[in-house]
Each structure stands twice: as structure tokens, then as C-alpha cells.
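Trainee: Need the 3D shape of this:
(one chain, ligands or ions: 2)
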Amino acid sequence: MRGAARTAAVAATEAAVATDPVDVRWDGMLVNARLATLVGDAGYGVIEDGALGWRDGVLVFAGPRTDLPSLPHALASDVVDAQGDWITPGLIDCHTHIVFGGDRAGEFEQRLQGASYEEIARAGGGIVSTVRATRTASEDELLAQSLPRARALRDDGVTTLEIKSGYGLDLENERKMLRVARRIGEALDITVRTTFLGAHALPPEYAGRADDYIAAVCEWLPVLHAEGLVDAVDAFCERIGFTAAQTQRVFESAHSLGLPVKLHADQLSDGGGAALVAGFGGLSADHVEYTSEAGVAAMKQAGSVAVLLPGAFHVLRETTLPPLDAFRTHGVPMAVATDCNPGTSPLQSLRLAMSLACTHFRLTPEDALRGATVHAAQALGMSDRGRLVAGQRADFVRWRIGQPAQLAYWLGGDLLSGVYAGGRAITTDR
Ligand code: NIG
Ligand code: FE
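Mentor: Numbering: from 1, shown residues only. Ligands and ions are numbered 1, 2, ... in the order given. Take a look at the predicted model:
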């Protein structure tokens, strides 16, 4: 409905501009810009000497300056000279656990001395140790700890951010995490999509009673959903997580509420997770290092996106690569995300995730940008963003770079001139 309404609004605006440019002014316009629109199935969709115009938070023009229907100042109240900056769609981080208490730098040291992620988890560390720190923090404390991480992502170009629960593992603390996620969106002027990940790990009070815990998770879900806190549902299907049967129960609850699902699938072993989530028409299967070709085929069939998380691959010093050739052959879109979390991926830059995806997974810089925009939007089930084209949300980033490949080339660094969400500058232009 919103998409249709917007399209109609854009058409009306364009028609009005054609007849009477003075009366229907755009809210803003960038000129002297180089656009990487990502329109089309391949390439950056480059427009040199481009212009971008928006109205009511939506793009009404993205094209060559020479195609503008009138002079810039006749069209828009506010015309900004982008000084040759490159403009991309706002980056979309479609998989994070950015809300958490404490940190796990000690485990990082343990792993460097030879302990594995799985061993640490089985010994009572890992996710459960973050659960302790997250439960202890008040909502305000949790926000204070998490907000700087989300701000770091935004200040490196992220305008849409997915945030999972999963370190509360009881109703009250899962609620607290999801409320903090919503507050991050408000505080930073970005879009936050929340994901309920109650089935992340077994909390100590349910030791030996995983099925009972899953039953509780399925009871909490409608409560949190009714409070407007849940946009999607995820689970950790793994030897140290939950079984396929338990995951399925969580997905059935999600489906009964009309909520989309996604999955931490085949991260440490092939548990058939990709095929399982595809069977539920899932938005995405994430990690997928150990996914089989049959899993890839099932994803293609279901239209599920493969969310690559090179930060976790890198930090865990994983050596098994996701089935990248199979994703390409079957035409499964690949998204790239930070997985920002205290255990496997303490990564606070989506651009750095793009860089790691190029180095470890041999994505091209263009694949990586598509993975952090167009395909990430698809992984969130959002069709109103991810490209620079009239009718899409006016979320975009100005970069001080000579070519788009630099976004994945620099490891860190400050490349940004400004971030815009819904047509508003949400960082101070630099
Ligand atoms: O995406 N594998 C499960 N979940 C996270 C790690 C969470 C943690 O270790 O705190 C991941 O890797
Ligand atoms: Fe994750």
C-alpha cells in the first residue's frame, strides 16, 4: 500500500513539475554528484554529472543533470552542490546483535590461546556470558552501552539497521533488548528493524529442558509482537544452539502471527538449516558456511537471500567458505552484514564487512556494495530502499572517494561527507 501510494505521489509530482515547476517544489536536490544507483542487475548503475531530488522523504529524481525538467533552483527549495562526491544508497546492515551488555575480549584472548568458540560455549561462556551482562543492565544502561556502536555504523553510512534480541532469554529481558533497539532508531534517525531471537541459546535456568524453553519462547513471541517490538523471527540452529525440530516450532509460531523468518544456518556444521528456513519461505539464511548444494537450491526456490557474515568468519579464523560458486550458479542473491556482536564479530563498520567479503569470499567491490544495499534490503523484505531511483526512500550517502570500489578498498578511514535519511541530513555534512 505504502509503495503504491508513493509511486502515485511520485507520478503526480513529476506531472506537476512538468506543467508548473514553481508550485510543486522538491524539498531538496543535490547536483554535481556522481551517482552509483545500482539500478539493473549488474554494474554500479553509474551516472556522472548526476542530480538527485526528493520530496516528502522520497526520491523524485535520480538521473543526469541534463535530464532535469527545469533549472535546479526552479525545482527545489534547497539545492546543494555535492562537489563531485559519489552518492550511493544508504547502506543497510541486515544482521546485527548490536544491543548487548559487557564485552567478551577475554574470550578473544582464550581463543588466541587455542580454545574454540564451541568449547567456550559448552563451558558456560559464549552467548550465555553476554546474557548475564545484558540481564544485569537497566534499559537505560543497555542503551548507553549499545548506542555508540550503532552510531559508529551510521557514521560509516548505515541508514537501515537490523537488530536482534537473544541475550535476554526471558520475557522481560528480551523485551528490554527490543525496546532499546527501537530507541536506537529514534535516537539516530535511522530505520531499525527488530528481530526476535529468543531461540539463540539455552539459558541456565532451563538446563536440560530445551523443549520447555522453546515452548516458552513460543509464548513470549505473541506478547512481544503485540507490543509492536517484533518485525521478524530468527533462531540459532546448530549443535550448540537448537535442533531443526525446535527451530521449526519457533518458525510455526512466527508464521501463525504472519511474521517473516530468517535463520542462523549452517554456521559451524551442516544442520540443513538453509533448506529448513527456505521451507518456510524465509527472508534469508545467514552465515551458511557449511550449507550444501541442496540447501542452496532450496534457497533459490524460496527466494531466500544468503547473508554473508565475513566478520564472524574472520574472527573465528574459519576456513570453510560459504558455497559462493553455488550461490552464483543458482542465482541466490548475496547480502553482506556486520553480525556486530560481542563473541564472533565485534565489527562496527559495514564498509569493513564489505572489505572482508572481498578479501575472504572473493566478492567484487561491486558485489559487496550490492550486498550492503539492494540485497540487504531484500533480506529485510523491504522494497522501498536499496537503490537510487525515483519512488525509493531518500536514504543516501555522500562519499569523498574517486571511485565506488574505494568503499570496500579502504580498511576503515573517514570517507563520508554526509548521511541522509528520508531526505534529511542526519550527520553534519563534513
Ligand atoms: O551470529 N552464532 C550465533 N550468534 C552469533 C554469535 C553470538 C555470540 O557469540 O554472542 C553469531 O555469530
Ligand atoms: Fe548472528
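
Trainee: Kindly report the residues of the stretch 251-400 of the chain close to ligand 1.
Mentor: 264, 267, 312, 339, 341-344 (Cβ under 6 Å from any ligand atom). Every residue, glycine included, has its C-beta placed from N, CA and C.

Trainee: Tell me how many other residues crowd the residue nearest to L91 when sequence neighbours are not counted.
Mentor: Distance criterion Cβ to Cβ, 6 or more residues apart in numbering; nearest residue to L91, sequence neighbours excluded, is G157 at 4.3 Å. Neighbour count of G157, defined by other Cβ atoms under 10 Å: 27.

Trainee: what about G157, distance to ligand 1?
Mentor: According to Cβ to the nearest ligand atom, to the nearest Å, G157 and ligand 1 sit 22 Å apart.

Trainee: and the one residue in the stretch 251-400 of the chain that gets nearest to ligand 1, what does it touch?
Mentor: As assessed by Cβ to the nearest ligand atom, ligand 1 sits closest to G343 within the stretch 251-400 of the chain, at 2.3 Å. Neighbour list for G343: 104, 107, 117, 126-127, 130 [criterion: Cβ atoms under 8 Å, 6 or more residues apart in numbering].

Trainee: and it, what element?
Mentor: Remark: G343 resides in no helix or strand, with elements defined by DSSP states H and E.

Trainee: So what's the predicted local confidence for it?
Mentor: On pLDDT, G343 comes in at 97.

Trainee: With the one 3 residues further on instead?
Mentor: Reading off the per-residue confidence, P346 sits at a pLDDT of 98.

Trainee: Near it, how many residues? Count them for me, please.
Mentor: P346 has 17 neighbouring residues, counting by other Cβ under 10 Å.

Trainee: Thought H314 was touching it, still the case?
Mentor: No: if you go by Cβ atoms under 8 Å, P346 and H314 don't touch, sitting 10.7 Å apart.

Trainee: Need the phi and psi values for the closest residue to C358 other than its chain neighbours.
Mentor: Nearest non-adjacent residue to C358, counting by Cβ to Cβ, 6+ apart: A408, 5.1 Å away. The phi/psi pair for A408 (degrees, to the nearest 10) reads phi -100, psi -10.

Trainee: most neighbours, which of the contacts of G343?
Mentor: Ranked by neighbour count (other Cβ under 10 Å), those have I127 at the top, with 27 neighbours.

Trainee: List the residues that contact it.
Mentor: Applying Cβ under 8 Å, 6+ apart, the residues near I127 are 121, 166-167, 200-201, 343.

Trainee: Make JSON lines out of those and add secondary structure.
Mentor: What follows is the contacts of I127, written out as JSON lines (DSSP: H, G, I helix; E, B strand; the rest coil):
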{"residue": "A121", "secondary structure": "helix"}
{"residue": "G166", "secondary structure": "coil"}
{"residue": "Y167", "secondary structure": "coil"}
{"residue": "H200", "secondary structure": "coil"}
{"residue": "A201", "secondary structure": "coil"}
{"residue": "G343", "secondary structure": "coil"}
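
Trainee: Top of those residues by number of neighbours, please.
Mentor: Neighbour tally across the contacts of I127 (other Cβ under 10 Å): the maximum, 31 neighbours, falls on Y167.

Trainee: Need phi/psi at that residue.
Mentor: Main-chain torsions, Y167, degrees, to the nearest 10: phi -120, psi 10.

Trainee: Provide the secondary structure category for the residue lying closest to it once chain neighbours are set aside.
Mentor: Once flanking residues are discounted, Y167 sits nearest to T134: 4.0 Å by Cβ to Cβ, 6+ apart. What three-state DSSP gives for T134 is helix.

Trainee: correct me, but T134 touches G168?
Mentor: Yes: counting by Cβ under 8 Å, T134 touches G168, with 6.1 Å between them.

Trainee: Grab the two from the contacts of G343 that are most spread out in space.
Mentor: Between any two of the contacts of G343, the greatest separation by Cβ to Cβ is 13.0 Å, found for Y117 and T130.

Trainee: Run a quick neighbour tally on L147.
Mentor: 17.

Trainee: Can you tell me what sits against the strand or helix carrying it?
Mentor: According to DSSP H and E, L147 maps onto helix 139-154. Residues outside helix 139-154 that contact it (Cβ under 8 Å, 6+ apart): 93, 96, 98-102, 134, 137, 161, 163, 176-177, 179-180, 183-184, 187-188, 190, 338, 340, 348-350, 419, 426-427.

Trainee: list the buried ones in that helix?
Mentor: Of all the residues in helix 139-154, those buried under the rule 16 or more other Cβ atoms under 10 Å are 142-143, 145-147, 149-154.

Trainee: so where's the protein shaky on pLDDT?
Mentor: The chain contains residues with pLDDT under 70 at 1-23, 429-430.

Trainee: quick one: terminal-to-terminal distance for stretch 359-369?
Mentor: In stretch 359-369, first residue to last residue: 14 Å (Cα to Cα, to the nearest Å).

Trainee: Now do it: everything it contacts.
Mentor: 36, 38, 42-44, 88, 308, 310, 313-314, 321-322, 324, 334, 336, 354-355, 357-358, 371, 404-405, 407-409.

Trainee: Those residues in strands, which ones?
Mentor: With strands taken from DSSP state E, the overlap with the contacts of stretch 359-369 comprises 36, 88, 308, 334, 336.
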